[in-house]
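**Student:** this one's structure only:
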């Protein structure tokens, strides 16, 4: 068993390591994006990607974030993860097929021209 003081030190070390990794990731991402100045559309797929890319701009749930897709449009589009397990989500959120997908298709045509 880990003594309480050791446990707190371990947790702090993990958090600090995670912070260092996030700094590294952000710097690496910034350098990578600098090499691609003409990005016109970023698809942010799934809740983890939304947490990373949208940060404070994301909503409380994935559904709420995707529902607010126009807040990020046309440069960024939050999407649910395309997993077979998400078929239930797609059935419950019929607006996605009617609103988001047609807009995405049109935007893709624009970007690829």
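**Tutor:** Perfect, thanks for sending it. What you see is a predicted model, and the numbers here were worked out from it, not measured in a lab.

**Student:** C-alpha from now on. contacts and neighbour counts both.
**Tutor:** Fine.

**Student:** Residue 47 and residue 77, how far apart?
**Tutor:** The gap separating residue 47 from residue 77 is 12 Å, by Cα to Cα, to the nearest Å.

**Student:** Equivalent analysis for residue 51, please.
**Tutor:** According to Cα to Cα, residue 51 stands 13 Å off from residue 77.

**Student:** So for those two, which residue has more residues nearby?
**Tutor:** residue 77 (22 against 15; other Cα atoms under 10 Å).

**Student:** before we move on, what SS does the more buried one have?
**Tutor:** Under DSSP: H, G, I helix; E, B strand; the rest coil, residue 77 falls in the strand class.

**Student:** And the pLDDT for it?
**Tutor:** We have a pLDDT of 97 for residue 77.

**Student:** Specify the beta-bridge partners of it.
**Tutor:** Applying DSSP bridges to residue 77 yields these beta-bridge partners: residue 43.

**Student:** My understanding was that it contacts residue 46; is that so?
**Tutor:** No. Using Cα atoms under 8 Å, residue 77 and residue 46 do not qualify as a contacting pair, with a distance of 10.8 Å.

**Student:** SS state for residue 24?
**Tutor:** For residue 24, the secondary structure call by three-state DSSP comes out as helix.

**Student:** And it, how close does it get to residue 85?
**Tutor:** Taking Cα to Cα, one finds residue 24 at 33 Å from residue 85.

**Student:** Ok, residue 95 next?
**Tutor:** Counting by Cα to Cα, the gap from residue 95 to residue 85 is 18 Å.

**Student:** do the same with residue 112
**Tutor:** 30 Å.

**Student:** now swap in residue 22 and tell me
**Tutor:** Residue 22 is 29 Å from residue 85, by Cα to Cα.

**Student:** These two: which is more packed in?
**Tutor:** residue 22 (13 against 9).
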